[in-house]
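*Asks:* Quick one, structure for this:
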Amino acid sequence: MPKEYVVIGLLALAGFLAGGVYSTWKTARGLAIVLVVLALVAVGAAVTWLL
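*Replies:* Here you go, the predicted model:
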């Protein structure tokens with residue numbers, strides 16, 4: 001499997017998690033913070049995988 005597919009998948013996952021942050025920020029801030037951390041981990045993993 002080409003590494004670009006993994007990077008695209010991780011960035012898509014980060015976008016999905018960022019959407020979750022946007023939708024839960026006003027109602028469940030604790031969950032939103034967890035989702036932010038997970039989104040940042042996914043972006044970091046994508047950048048690391050790309051290098």
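*Asks:* can you pull the pLDDT of residue 51?
*Replies:* For residue 51, the pLDDT comes out at 89.
*Asks:* do the same with residue 3
*Replies:* So, for residue 3, pLDDT stands at 79.
*Asks:* Check the gap between the residue nearest to the spatial centre of the chain and residue 26 for me.
*Replies:* Centroid-nearest residue in the chain, with CA atoms, centre = their mean: residue 14, separated by 2.0 Å. Applying CB to CB, to the nearest Å, one obtains 21 Å for the distance of residue 14 from residue 26. Heads up, the C-betas are built off the backbone N, CA and C, glycines and all.
*Asks:* Helices along this structure, start to end?
*Replies:* For the chain, helices defined by DSSP state H occupy the ranges 3-24, 29-50.
*Asks:* Give me the distance from the last one to the chain's centre.
*Replies:* Once both centres are worked out by CA atoms, centre = their mean, to the nearest Å, helix 29-50 turns out to sit 4 Å from its chain's centre.
*Asks:* Show me the shaky parts of this structure.
*Replies:* Within the chain, no stretch has pLDDT under 70.
*Asks:* Residue 37: neighbour count?
*Replies:* 12 (other CB atoms under 10 Å).
*Asks:* related to what we said a few turns ago, do I have it right that the residue nearest to the centre of the chain meets residue 37?
*Replies:* No. Counting by CB atoms under 8 Å, residue 14 stays clear of residue 37, with 11.3 Å between them.
*Asks:* Skip the chain neighbours and tell me the closest residue to the residue nearest to the centre of the chain.
*Replies:* Closest residue to residue 14 apart from its sequence neighbours, by CB to CB, 6 or more residues apart in numbering: residue 42 at 4.0 Å.
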